[in-house]
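S.K.: turn this into a model:
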Amino acid sequence: MSRAATRAIAALIAAQVPHEVLRYHHDPHRDTFGEEAVEQLAAGGAGDVLPEQIYKTLIVAVPHGLAVAVLPVPAKLSLKATAAALGVAKATMADPASAQRATGYVLGGISPFGQRKALPTVVDSSALGFEKVLCSAGQRGWDVAVAPRDLIALTNAITAEIRAL
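M.R.: Numbers count the residues shown, from 1 in each chain. From the prediction side, this is the model:
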């Protein structure tokens, strides 16, 4: 298998972003993808990874299209804070089919990297407290560890507190 097994990994390689691909067994009967990643990578395999370092990529609908919210798996997204960070009046969760169509990824494998179309992105500011964060590598059961600054730079993201308090 080539090193660039997904568009997300290809985007990281093309941008010369240091990264580490972490694979785990995805149970096809589960649809709680983030929780599965936490169970497999924090509790089991990767050892030095905290659940708060594993980030989920959510697609939100905003008045003029879609946007991306990246936040820790254990956290709940504040749609109000996300809308404020993006400078729009309102944000709602995107329809799953729209999210898949816009990103080119399946649910549970949506990566902030290598999306079909660059979408406005906001990364929860908690990412800056870690040396590395994990997010989807573009396929269920695949995560990629990157420096938060690289995540922000490569996705042209803004940072804000988007977790519900």
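S.K.: for the rest of this, base every contact and every neighbour count on C-alpha atoms.
M.R.: OK.
S.K.: tell me the SS of the residue positioned nearest the centre of the chain?
M.R.: Closest to where the C-alpha atoms of the chain average out (C-alpha atoms, centre = their mean) is residue 57, at 3.0 Å. Classification of residue 57 by DSSP: H, G, I helix; E, B strand; the rest coil places it in strand.
S.K.: need the contact partners of the lowest-mean-pLDDT helix or strand in the chain.
M.R.: Using mean pLDDT, DSSP states H and E, the weakest-scoring helix or strand in the chain turns out to be helix 33-38, at a mean of 79. Residues from elsewhere that reach helix 33-38 (C-alpha atoms under 8 Å, 6 or more residues apart in numbering): 24, 26, 30, 51, 54, 55, 56, 73, 74, 108, 140, 141.
S.K.: mind putting those into JSON lines with distance to residue 36?
M.R.: Converted to JSON lines, these look like this (distance: C-alpha to C-alpha, whole Å):
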{"residue": "24", "distance to residue 36": "9"}
{"residue": "26", "distance to residue 36": "7"}
{"residue": "30", "distance to residue 36": "8"}
{"residue": "51", "distance to residue 36": "11"}
{"residue": "54", "distance to residue 36": "11"}
{"residue": "55", "distance to residue 36": "12"}
{"residue": "56", "distance to residue 36": "11"}
{"residue": "73", "distance to residue 36": "10"}
{"residue": "74", "distance to residue 36": "11"}
{"residue": "108", "distance to residue 36": "10"}
{"residue": "140", "distance to residue 36": "10"}
{"residue": "141", "distance to residue 36": "9"}
